[in-house]
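Participant: what would the 3D arrangement of this be:
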Amino acid sequence: MEQLYGMHGRISALPGKGDDLEAILLAAAEGLRGVPECLLYVVFRDDADPDAVCITEAWATREAHDASLRQESVQAQIAQAMPLLAGRPDATELRPVGGKGL
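Facilitator: As a prediction, the model looks like this:
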């Protein structure tokens with residue numbers, strides 16, 4: 001059995017663009033509702049930093065995650081988000097091992 005794949009990321013938007021970035025990421029989450037290999041995709045906000053948006057994801061496999069990034073709709077959302085970013089996202093790859101929601 002393949003191991004689950006996960007990632008947690010923090011993305012800093014340009015000043016005043018956190019809400020716009022949140023909207024793009026929530027649209028991405030909505031688009032993943034029909035993807036059975038995506039087990040979890042949650043968007044978080046940091047009340048101490050209004051321009052930061054965090055995402056936690058869990059996937060059936062890393063390959064499923066990577067394949068999702070090649071979808072045309074996802075590529076369009078990435079292109080839409082890129083001009084809003086203040087820098088490179090800070091992401092950590094993880095191996096989900098269980099818990100509520102998995």
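
Participant: by contact count, what packs against the host helix or strand of E30?
Facilitator: Assessed by DSSP states H and E, E30 sits inside helix 18-31. Applying 3 or more Cβ pairs under 8 Å, 6 or more residues apart in numbering; DSSP states H and E, one finds that helix 18-31 contacts strand 38-46, strand 49-59, helix 72-81. Where C-beta positions appear, they are placed from N, C-alpha and C, glycine not excepted.

Participant: roughly how far does D19 sit from D49?
Facilitator: Counting by Cβ to Cβ, to the nearest Å, the gap from D19 to D49 is 13 Å.

Participant: and A29, by the same measure?
Facilitator: Distance, A29 to D49, using Cβ to Cβ: 20 Å.

Participant: those two: who's more crowded?
Facilitator: Each of A29 and D49 has its neighbours counted (other Cβ atoms under 10 Å); A29 has more, 16 against 13.

Participant: how about the more buried one, what does it touch?
Facilitator: Shown in contact with A29 (Cβ atoms under 8 Å, 6 or more residues apart in numbering): Y41, V42, V43.

Participant: cool, and G31?
Facilitator: So G31 contacts S73, V74, Q77 (Cβ under 8 Å, 6+ apart).

Participant: give me the number of residues near the first one?
Facilitator: Read that as S73. The number of residues packed near S73 is 11, by other Cβ under 10 Å.

Participant: hmm, back to that, how about the contacts of G31 in TSV, adding distance to L84?
Facilitator: As requested, the contacts of G31 are exported to TSV (distance: Cβ to Cβ, whole Å):
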residue	distance to L84
S73	18
V74	16
Q77	11
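
Participant: how about those in CSV, adding pLDDT?
Facilitator: Below are these laid out as CSV (pLDDT from 0 to 100):
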residue, pLDDT
S73, 90
V74, 91
Q77, 94
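
Participant: from those, which single one is nearest G6?
Facilitator: Nearest to G6 among the contacts of G31: V74, at 17.5 Å, using Cβ to Cβ.
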